[in-house]
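>>> sequence below, structure please.
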Amino acid sequence: MSIAIYPGSFDPVTIGHVDIIRRASKLFDKLIVAVLVNMEKRPWFTIEERIDLLRKSTEDIGNIEVAGFDGLLVDFARQQNARAIVKGLRAVSDFEYEFQMALTNNKLDPEIETLFLTASAENMYLSSSIVKQVGLLGGEIAPFVPAPVHDEILSRIKQRRS
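Numbers count the residues shown, from 1 in each chain. The predicted structure is shown next:
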C-alpha cells in the first residue's frame, strides 16, 4: 500500500489546500493530511479545530485521513509507514524553502521521498495568511475557502475585533 503525508498548518484550510489534497489522493492508496503544531506561528484555530475543519472540507475524498502531529515530519512519516511527503508549491519563493526542507528530510531518512505538486493556476496566489488578511479587512473570503470553513473564519474575525 502506498502511503503519503501532506503536512501543513492549515490555519485555515483553503481551496488551494483542498485542491492539492484531492490531486495527491489520486496518486497514493492513502494520503494522510498531517496538521502540525508550529511553535513559530500563533494559530487562529487550535489543532483540534483545524483537524475538524479539514475533515469537513474533505469528507468526499475516500482515501484520506487527517491527523495532528508534533515533532519531526520524517518521524511521523515513519510511524505512519509513509514513503512520500507531498508539498504544494505556489511560487519560486515556496520552492526555495521547500527544497531545503526536502533535502533535510532526505538526510534524516533517505527512504522517504518528497514530491512537489504545483498549485493550480487559479490558486497560485492563495495562502492562509491572505485569507485572514482579506477577512480582517472586511473582504469576501467565500471564493478562497471551503464552505465548512467560511463561517468559522468570520466568527474568529469577530472575536479578534472584540
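>>> so what secondary structure elements neighbour the longest helix anywhere in the chain?
The longest helix of the chain (DSSP state H) is helix 92-108. When contacts are defined as 3 or more Cβ pairs under 8 Å, 6 or more residues apart in numbering; DSSP states H and E, helix 92-108 sits against helix 73-79, strand 84-89, strand 113-118. (Glycine included, C-beta is placed from N, CA and C.)
>>> which of those has the highest mean neighbour count?
Of all the helices and strands packed on helix 92-108, strand 84-89 carries the top mean neighbour count, a mean of 21, counting by mean count of other Cβ atoms under 10 Å.
>>> CSV for the helices and strands packed on helix 92-108, including mean pLDDT and distance to Val37?
Putting the helices and strands packed on helix 92-108 into CSV (pLDDT from 0 to 100; distance: least, Cβ to Cβ, whole Å) gives the following:
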stretch, mean pLDDT, distance to Val37
helix 73-79, 97, 11
strand 84-89, 97, 17
strand 113-118, 96, 20
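>>> wait, which of those is closest to Thr58?
Nearest to Thr58 among the helices and strands packed on helix 92-108 is strand 84-89 (13.9 Å), distances taken as Cβ to Cβ.
>>> ok now the closest one, how far from the chain's centre?
Remark: strand 84-89 is offset 10 Å from the chain centroid, using Cα atoms, centre = their mean, to the nearest Å.
>>> what ranges in this protein fall below the confidence cut-off?
Of all residues in the chain, none has pLDDT under 70.
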